[in-house]
Every structure is written in C-alpha cells, then in structure tokens.
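S.K.: Got a sequence here, can you model it:
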Amino acid sequence: MKIRIKGNSIRYRLTKTEVETFCKEGSYKETTDFGNSRFTYVLKAKKDATSLAASFENNTITLYLPDEERTTWATSDRVGYQSVVDLTNRKQLFLLVEKDFVCLDETVEDQSDNYPNPLADKNPK
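M.R.: Predicted coordinates for the structure are as follows:
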C-alpha cells in the first residue's frame, strides 16, 4: 500500500493482493521504521461508518471504510472511495482510497501486482 500526503489530502493506493487482503480480513497495514520510532498507516473496515473517515493517533493514520464496502470491492470495477471531512478548525481533509494501476510511463517500480490501467489501450507507446 502506498500513501501520498499533500497538505490536507491523504491518498492510499492498494495493489490487487492488498485489496484482496483488506476485503478478506477487514484491515491492511503498512509500517515505516525510523529506528527510534515507527510511522504506520492503516485501512480498516468499520461497521458504523457511513463514508470514508480518518484518525491520527500514536503515529498512525487510519482510514476507515464502511464495512459493507469491503465485501465487494476486490471483485468490482469500482476504483476507489473518497470523502471530504470537515474539521473543527474550519478546514477540510480530503481522503482517497483507490486501486493501484500500472503506470503508463516507464518506471523501475515492481508493478506486477497492480491493476491493469484502463487507459493503456488508449495510450499506445
């Protein structure tokens, strides 16, 4: 699972195996070890959630997806989920969770477990 953070925007991108694991187990977690501390980011199904939500506690960002969404996401054509959360300081936090597609440009990153890019046929090299 990849994470991209820019300002008040958080995006998770999951490979096929990661989506399948999340759908089966109800959560998926990645950790970055800094030696003296760890940063963790989690996608977790939540029974009472009505939309994508987030929390940040103990060096962990957790995005919560409504539990009923996890039962079909891996086998559906749905790319992802997004939400805008109103914060108490009158700002907003944009959340996005999506399937990770194969890049259209050349990259050295292993993409063997990524979803086929729907634009690949429209963008021949």
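S.K.: Can you tell me the element residue 98 falls in?
M.R.: Assigned by DSSP states H and E, residue 98 belongs to strand 92-99.
S.K.: Of all the residues in that strand, which ones are buried?
M.R.: By neighbour count on 16 or more other CB atoms under 10 Å, the buried set for strand 92-99 is 93-99. For every residue, glycine as well, the C-beta is placed using N, CA and C.
S.K.: Now the lowest-mean-pLDDT helix or strand in the chain: buried residues?
M.R.: Among the helical and strand segments of the chain, the one scoring lowest on mean pLDDT, DSSP states H and E is helix 67-70, with a mean of 91. Buried residues in helix 67-70, counted by 16+ other CB under 10 Å: 69-70.
S.K.: so what does the strand holding residue 98 touch, helix or strand wise?
M.R.: Applying 3 or more CB pairs under 8 Å, 6 or more residues apart in numbering; DSSP states H and E, we find strand 92-99 packed against strand 9-14, strand 53-57, strand 60-66, strand 80-86.
S.K.: hmm, back to that, got the contact list for the least confident helix or strand of the chain?
M.R.: 22-23, 26, 45-47, 49, 81 (CB atoms under 8 Å, 6 or more residues apart in numbering).
S.K.: List the neighbouring strands of the strand holding residue 98 plus their orientation.
M.R.: Partners of strand 92-99 in the sheet, by DSSP bridges, are strand 9-14 (parallel), strand 80-86 (antiparallel).
S.K.: Could you export those as TSV, including mean neighbour count?
M.R.: Listed next are these as TSV, based on neighbours: other CB atoms under 10 Å:
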stretch	mean neighbour count
strand 9-14	20
strand 80-86	15
